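K.L.:
Mind looking at a prediction? Sequence and model below.
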Amino acid sequence: MNTRHKWVASRALAPAVALLTLTACTSNTPEEATGVSVDIAADSCALSASSAPAGPVVFTVENTGDAVAEFYVYASDGTKIVAEVENVGPGLSRDLAVTLDAGTYVTSCDAGMNGDDIRADFVATAAGATPAP
Amino acid sequence: MLANYLIGLREGLEASLVIGILIAYIVRTGRRDLLGAVWTGVGVAAAVSLAVGAALTLGPRGLSFTAQETIGGALSIVAVGLVTWMIFWMGKTARFLKRHLEDGLEKAIALGKGAIIALALVAVGREGLETTLFLWAGIQAAGSTSAPITGAVLGLATAVALGYLIYRGAIRINLRVFFQWTGLFLIVVAAGVLAYGIHDLQEAGVLPGSETLAFDVTATIPPGSFAGTLLKGIFNFSPASTVLEVIAWVSYLVPTVWLFSRMAFARAPRPVAAPELASTSAV
């Protein structure tokens, strides 16, 4: 591979590398991250919690059904995607790491990816919020 | 296992077909010296994807959703550019074949190794990261059940086998027909990649309109079905497509098919043709 080839190859990879090295990473297991397990089956979607402190949250999405599943976190309007993990095949478990600002979100489990998703509200509570006097 | 098999098949199919056609092109134009460049691109893309997938799965840091979608979307649009270049390169070759100008053919296929490496790299790397994240999840699950990883690997192997079959078929048919029809096929593939890239950027919130659907035939063609897998894997057909995706698909497909057909299916021009011939062949 001469210099010119390297140059072309590096140009093709540049966007990915730049993104990876900038702000792309979120912590998989930071000290303060809240773990929430999500169990998706054919007709059910069970989250271990319906709220978490604002900040890093890791959803561990396990598919115990027999169809391919996806898990979404939407903004409170239920349409804007905050985070998503796809290709959670049967028997697989995939982590979705996301940093949530305080507020209300909508989680969605889509088993079979047919649009018939199961939704629930999820609240990120303000960290260190002091109760009003 | 079947569901994971279909994911593996879908993720690997498009890359296999593009690489199969690329190799057939190189072999048929007598440029076997460029095969090394193809495998370099494929190898680097696979190795980088596997390494990054492993680092993200096993290491302390994951990749944010927005970053993954933005990388996927950006790489898709780079891929469309490179595949379009390959398409017109094929169209030009078809035109020279018609005119029986062996010298012209030599010039038309005078292409750099760097370009071939980049094409192979992006064709494989585009879906590489998501595929390896999926594979690593399968490997992690292998402690309790090996069915997912077995299915995924068999799916990928099937995709590679189909790419090989395309190659076998492509080296048998008439050379001019090969350039014409694989060129048209690749235009439809590239249009799908563009629509997919737009979809990724919409999901990432970089482009608006992720919920404004042009059509939704999810009930007729479920994404998890065999037909849905093939349509998605080859043409990136999404059963629920947004308006922006459809606009991008049509805006790419129609002019590209027109320009390509004019080039590849044109009646053989007499040696001195329109000025645009000179400009297109001077690359």
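P.N.:
Good, I have the coordinates.
K.L.:
Tell me which stretches of the chain form helices.
P.N.:
Chain wasn't specified; assuming chain A. A:3-21 (DSSP state H).
K.L.:
Chain B is the one I meant
P.N.:
With DSSP H as the criterion, chain B has helices at B:2-28, B:35-58, B:65-98, B:102-108, B:113-125, B:128-141, B:147-170, B:175-203, B:226-235, B:243-264, B:275-281.
K.L.:
Distance to residue A:68 added to those, as JSON lines?
P.N.:
The C-beta positions use only the backbone N, C-alpha and C, and glycine is treated the same way. Output for the helices of chain B, formatted as JSON lines (distance: least, C-beta to C-beta, whole Å):
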{"stretch": "helix B:2-28", "distance to residue A:68": "5"}
{"stretch": "helix B:35-58", "distance to residue A:68": "19"}
{"stretch": "helix B:65-98", "distance to residue A:68": "18"}
{"stretch": "helix B:102-108", "distance to residue A:68": "44"}
{"stretch": "helix B:113-125", "distance to residue A:68": "22"}
{"stretch": "helix B:128-141", "distance to residue A:68": "10"}
{"stretch": "helix B:147-170", "distance to residue A:68": "11"}
{"stretch": "helix B:175-203", "distance to residue A:68": "17"}
{"stretch": "helix B:226-235", "distance to residue A:68": "10"}
{"stretch": "helix B:243-264", "distance to residue A:68": "21"}
{"stretch": "helix B:275-281", "distance to residue A:68": "44"}
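K.L.:
who touches residue A:71 in this structure?
P.N.:
A:38, A:40, A:59, A:61, A:84-85, A:88, A:96, A:107-110 (C-beta atoms under 8 Å, 6 or more residues apart in numbering or on different chains).
K.L.:
how about the nearest residue to it, chain neighbours excluded?
P.N.:
Closest residue in space to residue A:71, ignoring its immediate chain neighbours: residue A:61 at 4.4 Å, by C-beta to C-beta, 6 or more residues apart in numbering or on different chains.
K.L.:
Any idea how many residues pack against the one you found?
P.N.:
Number of residues near residue A:61 (other C-beta atoms under 10 Å in any protein chain shown) recorded here: 24.
K.L.:
tell me the pLDDT at it?
P.N.:
Residue A:61 carries a pLDDT score of 95 in this model.
K.L.:
now it: how far from residue A:51?
P.N.:
The spacing between residue A:61 and residue A:51, counted by C-beta to C-beta, to the nearest Å, is 18 Å.
K.L.:
Is there a neighbour count for the closest residue to residue B:159 other than its chain neighbours? I'd like the number.
P.N.:
Closest residue in space to residue B:159, ignoring its immediate chain neighbours: residue B:12 at 3.2 Å, by C-beta to C-beta, 6+ apart. Using other C-beta under 10 Å, residue B:12 is surrounded by 25 other residues.
K.L.:
can you check the one 3 residues further on too?
P.N.:
Residue B:15 sits with 27 neighbouring residues when counted by other C-beta under 10 Å.
K.L.:
my guess is it meets residue B:126, correct?
P.N.:
Yes - contact criterion C-beta atoms under 8 Å: residue B:15 and residue B:126 qualify, at 7.2 Å.
K.L.:
OK, contacts around the nearest residue to residue B:216 once chain neighbours are set aside?
P.N.:
Among residues not flanking residue B:216 along the chain, residue B:240 sits closest, at 4.4 Å (C-beta to C-beta, 6+ apart). Shown in contact with residue B:240 (C-beta under 8 Å, 6+ apart): A:115, B:213, B:215-218.
K.L.:
Can you check the pLDDT for residue B:240?
P.N.:
pLDDT for residue B:240: 89.
K.L.:
how close does it get to residue A:64?
P.N.:
Residue B:240 sits 25 Å away from residue A:64, taking C-beta to C-beta as the criterion.
K.L.:
ok, back up a step: can you select the buried ones from the contacts of residue B:240 in PyMOL?
P.N.:
A single PyMOL command is used to select the members of the contacts of residue B:240 judged buried by 16 or more other C-beta atoms under 10 Å in any protein chain shown:
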select buried, chain B and resi 218
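K.L.:
Closest to residue B:266 out of the contacts of residue B:240?
P.N.:
Closest approach between the contacts of residue B:240 and residue B:266, by C-beta to C-beta: residue B:215, at 34.7 Å.
K.L.:
That closest one: what's it in contact with?
P.N.:
B:240-241, B:246.
K.L.:
Turn those into CSV, columns for distance to residue A:44.
P.N.:
As requested, the contacts of residue B:215 are exported to CSV (distance: C-beta to C-beta, whole Å):
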residue, distance to residue A:44
B:240, 23
B:241, 29
B:246, 34
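K.L.:
residue ranges with poor pLDDT in the chain?
P.N.:
You didn't say which chain, so I picked chain A. A:1-31, A:113-115, A:127-133 (pLDDT under 70).
K.L.:
look at chain B instead
P.N.:
In the predicted model, chain B carries pLDDT under 70 at residues B:97-111, B:267-283.
K.L.:
sorry, back to before: which one of the contacts of residue A:71 sits closest to chain B?
P.N.:
Nearest to chain B out of the contacts of residue A:71 is residue A:84 (C-beta to the nearest C-beta; 5.8 Å).
K.L.:
Report the contact partners of the closest residue to the closest one other than its chain neighbours.
P.N.:
Spatial nearest neighbour of residue A:84, excluding adjacent residues (C-beta to C-beta, 6+ apart): residue A:72 at 4.8 Å. By C-beta under 8 Å, 6+ apart, the residues touching residue A:72 are A:81, A:83-84, A:107-108, A:110, A:117.
K.L.:
Tell me the bridge partners for residue A:72.
P.N.:
residue A:84, residue A:108 (DSSP bridges).
K.L.:
Relative to residue B:82, how far out is it?
P.N.:
31 Å.
K.L.:
Out of the contacts of residue B:240, give me the two with the largest separation.
P.N.:
A:115 and B:215 (12.8 Å).
K.L.:
Count the residues that sit near residue 88.
P.N.:
This is for chain A. Residue A:88 sits with 30 neighbouring residues when counted by other C-beta under 10 Å.
K.L.:
ah, no, chain B please
P.N.:
Residues near residue B:88, counting by other C-beta under 10 Å, number 18.
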